[in-house]
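Asker: got a structure for you, letters missing:
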């Protein structure tokens, strides 16, 4: 009975994190973007600096009518937001935030493969939405999403494989246990490739060609309203949390820090994740959108060679150490 | 794996789950090839391939299961959907989705299934996987097997894939130069 309770408690905690942290990132985005652009951002909801704005947004979304276009493929149209959102919840289960046994939802033996595989499924949601909407803008968005995923999945995998080689394991806690501080300069190229490819997979600016509002309205999500639209937005923020958490765990040493590894390791994880999330927001404000051909070119001619070079470097250093 | 005798009459929970997931997978596979809506076929293929991944998981082959999800659900199906979006596949039914090759396709499928089932049954007979012991399909075990006992087939396969890759590039290039030649030919005229 104790085991069941333990599992239930872990899942409840992961679920709570899944519901709260993406909203925190969203609110941070409101504020950070506002300050970088020299304006205030939402200031009224909730009193102190508009902290309740996202809650108010949520209520607004929930009140809106849930419209399904007449020509749409009903069931797939309605299913798509769930397919886009749930994979990130599953990934969150496997990310360790501290050194102890209790600091991870569930230890997965082939952790890297699990997280990358499940993250890839989330894109199916966008494709389903893009096709089922029976709208040419949505279809174009879906096409761009698919092309982008195909291009950026490979460098992401290669960069992750480099860390797995360095650690000699594919389990996420195992990688953290093997981490040394000098991995940071050793794997820095892989880290950059992984982060950039992850950004592209999330379709965040500057890689937001699939939802480019000035060209194709909102890509695959054009026809969505109300709660289902909110779920797609939530998936984007959950994706940011997952990507930052993964980059932290794989490349930045997760709970390792200059001091207080044992008791306060989780603070380091959260801190690094938060800094990375800030960088993602920062990039959104500072870079223009890449054109479709520039997107593909960046993936195939820059990121993949860099990732392969990183793997070669990892192999050479690994052999030299042994 | 153990050779101890096993009865079929008192299945364990895992065996029942394995059977049920197998039935779902089989059903999804049938719908994939019979549905008249092209994109639905691709999405049922997702269910089929996902069901297979669950079967691997139930057999403790965790590594294979996640690779299956990563490669087939994450890449192959996305490629399929990408291709379908480029066609004129309508949202509703495609009236001309059936070709006249149906009986031939059925015969080929049945023949392939019979030969595969026969090979597997003949190879393993009454061998049972001990599901309660240490995981036999973990990444470590799979890696040891692959790179101790099966290195040569592994390398041969990678050469085969490389050949396919190079072949694809050659094929796509040939067409480009051919069109350029025909275009320049027209200009000369």
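Answerer: Received, thanks. The shown structure was predicted, so the numbers you read here are calculated from the model rather than taken from an experiment.
Asker: what's downstream of the helix or strand where residue A:147 lies, the next helix or strand?
Answerer: Under the criterion of DSSP states H and E, residue A:147 resides in helix A:136-167. Next helix or strand after helix A:136-167 toward the C-terminus (DSSP H and E): helix A:172-178.
Asker: Now do that next one, average pLDDT.
Answerer: For helix A:172-178, mean pLDDT rounds to 83.
Asker: what helices or strands is that helix leaning on?
Answerer: With contacts defined as 3 or more C-beta pairs under 8 Å, 6 or more residues apart in numbering or on different chains; DSSP states H and E, helix A:172-178 has these neighbours: helix A:111-132, helix A:136-167, helix A:226-251. (C-beta placed from N, C-alpha, C; glycine too.)
Asker: does chain B sit close to the longest one?
Answerer: Yes. Helix A:136-167 lies within reach of chain B by C-beta under 8 Å from any C-beta of the partner chain, at A:139, A:142-143, A:146-147, A:149-150, A:153, A:157.
Asker: could you dump these to CSV with pLDDT and distance to residue A:29?
Answerer: Below are those laid out as CSV (pLDDT from 0 to 100; distance: C-beta to C-beta, whole Å):
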residue, pLDDT, distance to residue A:29
A:139, 86, 28
A:142, 86, 25
A:143, 86, 27
A:146, 86, 26
A:147, 86, 26
A:149, 84, 23
A:150, 83, 28
A:153, 86, 25
A:157, 89, 28
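Asker: where does the residue in chain B that chain A sits nearest to land on pLDDT?
Answerer: Closest residue of chain B to chain A, C-beta to the nearest C-beta: residue B:74 (2.8 Å). Looking at residue B:74, its pLDDT reads 82.
Asker: Run a quick check on it versus residue A:127, I expect a contact.
Answerer: No. Using C-beta atoms under 8 Å, residue B:74 is not in contact with residue A:127; the gap is 11.5 Å.
Asker: Can you pick out the residue with more neighbours from those two?
Answerer: Comparing residue B:74 with residue A:127 by neighbour count (other C-beta atoms under 10 Å in any protein chain shown), the higher total belongs to residue A:127, at 30 against 24.
Asker: and that one, what does it touch?
Answerer: Contact analysis of residue A:127 by C-beta atoms under 8 Å, 6 or more residues apart in numbering or on different chains lists A:142, A:145-146, A:220, B:78, B:81-82, B:85.
Asker: What subset of the residues you listed is buried?
Answerer: Those of the contacts of residue A:127 that meet the buried threshold are A:142, A:145-146, A:220, B:78, B:81-82, B:85, by 16 or more other C-beta atoms under 10 Å in any protein chain shown.
Asker: mind showing which ranges of chain B have poor pLDDT?
Answerer: Along chain B, segments meeting pLDDT under 70 span B:1-11, B:89, B:92, B:95, B:97-98, B:129, B:131-135, B:174-189.
Asker: Equivalent analysis for chain A, please.
Answerer: For chain A, the stretches with pLDDT under 70 are A:1, A:101-103, A:105, A:260-262.
Asker: ok, and for stretch A:14-23, which residues are buried?
Answerer: For stretch A:14-23, the neighbour count (16+ other C-beta under 10 Å) marks A:14, A:17-18, A:21-23 as buried.
Asker: For residue B:49, give its distance to residue B:84.
Answerer: Distance, residue B:49 to residue B:84, using C-beta to C-beta, to the nearest Å: 16 Å.
Asker: Need the residues that contact stretch A:235-248.
Answerer: So stretch A:235-248 is in contact with A:18, A:21-23, A:25-26, A:81, A:84-85, A:88-89, A:91-92, A:95, A:97, A:115, A:119, A:122, A:125, A:191, A:194-195, A:198-199, A:201-204, A:254, A:269, A:272-274, A:276-277, A:280, going by C-beta under 8 Å, 6+ apart.
Asker: Now, those residues that are in helices?
Answerer: Members of the contacts of stretch A:235-248 lying in helices (criterion: DSSP state H): A:18, A:21-23, A:25-26, A:81, A:84-85, A:88-89, A:91-92, A:115, A:119, A:122, A:125, A:191, A:194-195, A:198-199, A:201-202, A:269, A:272-274, A:276-277, A:280.
Asker: what packs against the helix holding residue A:147?
Answerer: Packing partners of helix A:136-167 (3+ C-beta pairs under 8 Å, 6+ apart): helix A:111-132, helix A:172-178, helix A:188-202, helix A:213-216, helix A:226-251, helix A:292-297, helix A:304-321, helix B:77-86.
Asker: for those, which one ends up most surrounded?
Answerer: Each of the helices and strands packed on helix A:136-167 was scored by mean neighbour count; the highest is helix A:111-132, a mean of 26, by mean count of other C-beta atoms under 10 Å in any protein chain shown.
Asker: Which single residue of the stretch 1-150 of chain A approaches chain B most closely?
Answerer: Counting by C-beta to the nearest C-beta, the stretch 1-150 of chain A gets nearest to chain B through residue A:120 (2.8 Å).
Asker: Which residue ranges of chain B form helices?
Answerer: For chain B, the helices defined by DSSP H occupy B:13-34, B:38-58, B:62-68, B:77-86, B:102-124, B:139-148, B:151-188.
Asker: I'd like the ones you listed laid out as JSON lines, including distance to residue A:183.
Answerer: Below are the helices of chain B laid out as JSON lines (distance: least, C-beta to C-beta, whole Å):
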{"stretch": "helix B:13-34", "distance to residue A:183": "39"}
{"stretch": "helix B:38-58", "distance to residue A:183": "31"}
{"stretch": "helix B:62-68", "distance to residue A:183": "24"}
{"stretch": "helix B:77-86", "distance to residue A:183": "32"}
{"stretch": "helix B:102-124", "distance to residue A:183": "43"}
{"stretch": "helix B:139-148", "distance to residue A:183": "20"}
{"stretch": "helix B:151-188", "distance to residue A:183": "28"}
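Asker: quick one: which of the buried residues of stretch A:14-23 is nearest residue B:56?
Answerer: Checking the buried residues of stretch A:14-23 against residue B:56 with C-beta to C-beta, the nearest one is residue A:14 at 24.1 Å.
Asker: mind listing what the residue nearest to residue A:249 when sequence neighbours are not counted touches?
Answerer: Once flanking residues are discounted, residue A:249 sits nearest to residue A:172: 5.5 Å by C-beta to C-beta, 6 or more residues apart in numbering or on different chains. Residues near residue A:172 by C-beta under 8 Å, 6+ apart: A:94-96, A:104, A:108, A:111-112, A:115, A:249-250.
Asker: one more time with 6 Å
Answerer: When contacts are counted by C-beta atoms under 6 Å, 6 or more residues apart in numbering or on different chains, residue A:172 touches A:96, A:111, A:249.
Asker: likewise residue A:52?
Answerer: Residues near residue A:52 by C-beta under 6 Å, 6+ apart: A:45-46.
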